[in-house]
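**Student:** The sequence isn't on hand, but the structure is:
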Ligand code: NAD
């Protein structure tokens, strides 16, 4: 593999998963974050992940410890990036923070280093110039819990070199991801471009009192053979996320139905503490939601 040393910037929710997965696959990983406090909480996140790898993937303690040994931590950017063939940026989803980060990184990174952004919402062309190397810059978007949900959506911007794009696809496979190439910039990549309208369509059926959530899920599951309906998926994502999305959409478009939908999510779920699977209840009650009963799809 042409990339050997990988720097991960930002050791939050996703950065910690990316850093550990890459180390687990045998690469040297240098982690960078703004200060020792951020690095310490990142290390704690990695320790939790180490247990999850053993539980979910059945790997040994030795393999997990060896992976941890391949990670170094620093809050000194020029030191952290000095050996890097590739940088994966997973810093906070705030335009100014990312812009400042790339402008500092471009000054100290070796010329050969490729930059990847894990941003969920911000298109790479927004930062291409400030990276100082637009041809070596693109997006690689991971899903939360990457050791199980192992997709990497790899998206170029108009200035990305095709060789770099193809090399990153090879790298994604080498770190255990299913590589999904996107040849044009697309807000929401593939997955959220499909999932967003799907989930909203289901919620609008509910808002307009066409059918109740369980009937809607039943229709989807029975007709397509899918193990989850839209409301079960909403519970996994967390109700607050959908609430925030609908609220933002209401303010962007001025359309009343999105405001009504946000209100419905608030009064029916959020105000009652039903925030989704993580809190034990959302549209369904956990750990044994009734859509998992064999009788759910009968009659
Ligand atoms: P987070 O808030 O958990 O972590 C962000 C980290 O960035 C923190 O450790 C913070 O200290 C660090 N940071 C802030 N400024 C920095 C700087 N100048 N230099 C280096 N580090 C800095 O956020 P997250 O949820 O891990 O999201 C990070 C990125 O990953 C975002 O772009 C987000 O869109 C993307 N993403 C998140 C998810 C998810 O489910 N959370 C999924 C896919 C992609």
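**Tutor:** Cool, got the structure. Please read all numbers here as calculations on a predicted model, not as lab measurements.
**Student:** Around the ligand, pick out the residues from the protein.
**Tutor:** 9-15, 32-34, 38, 90-93, 97, 101, 118-120, 141-142, 144 (CB under 6 Å from any ligand atom). For every residue, glycine as well, the C-beta is placed using N, CA and C.
**Student:** Buried members of these into PyMOL, please.
**Tutor:** To isolate in PyMOL the members of the residues of the chain next to the ligand that are buried, counting by 16 or more other CB atoms under 10 Å, one can use:
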select buried, resi 9+10+11+12+14+15+32+33+34+38+90+91+101+118+119+120+141+142
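**Student:** Run through the residues that contact residue 228.
**Tutor:** When contacts are counted by CB atoms under 8 Å, 6 or more residues apart in numbering, residue 228 is found next to 217, 221, 236, 291.
**Student:** Now the phi/psi pair for it, please.
**Tutor:** phi -130, psi 140 (degrees, to the nearest 10).
**Student:** cool, and residue 118?
**Tutor:** Torsion angles, degrees, to the nearest 10, at residue 118: phi -100, psi 10.
**Student:** what's the closest non-adjacent residue to it?
**Tutor:** Nearest residue to residue 118, sequence neighbours excluded (CB to CB, 6 or more residues apart in numbering): residue 90, at 4.5 Å.
**Student:** In this model residue 9 seems to touch the one you found, though I could be wrong.
**Tutor:** Yes. Judged on CB atoms under 8 Å, residue 90 makes contact with residue 9 at a distance of 6.5 Å.
**Student:** And for residue 210, the neighbour number?
**Tutor:** 10 (other CB atoms under 10 Å).
**Student:** Quick check: which element contains it?
**Tutor:** Using DSSP states H and E, residue 210 falls within no helix or strand.
**Student:** where's it relative to residue 235, distance?
**Tutor:** 20 Å (CB to CB, to the nearest Å).
**Student:** go on, residue 252?
**Tutor:** 25 Å.
**Student:** Looking at the protein, which residue is nearest the ligand?
**Tutor:** Closest to the ligand within the chain is residue 12: 1.7 Å, counting by CB to the nearest ligand atom.
**Student:** which ones are touching that residue?
**Tutor:** 38, 42, 45, 90-92.
**Student:** repeat for residue 111
**Tutor:** Counting by CB under 8 Å, 6+ apart, residue 111 touches residue 133.
**Student:** the helices in this structure, which residues?
**Tutor:** Here the chain has its helices, by DSSP state H, at 13-24, 36-57, 61-69, 77-81, 95-108, 162-174, 191-207, 213-224, 230-237, 239-253, 256-268.
**Student:** need the ones you listed in CSV with mean pLDDT, can you?
**Tutor:** CSV is the format used below for the helices of the chain (pLDDT from 0 to 100):
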stretch, mean pLDDT
helix 13-24, 97
helix 36-57, 96
helix 61-69, 97
helix 77-81, 98
helix 95-108, 97
helix 162-174, 98
helix 191-207, 96
helix 213-224, 97
helix 230-237, 95
helix 239-253, 91
helix 256-268, 97
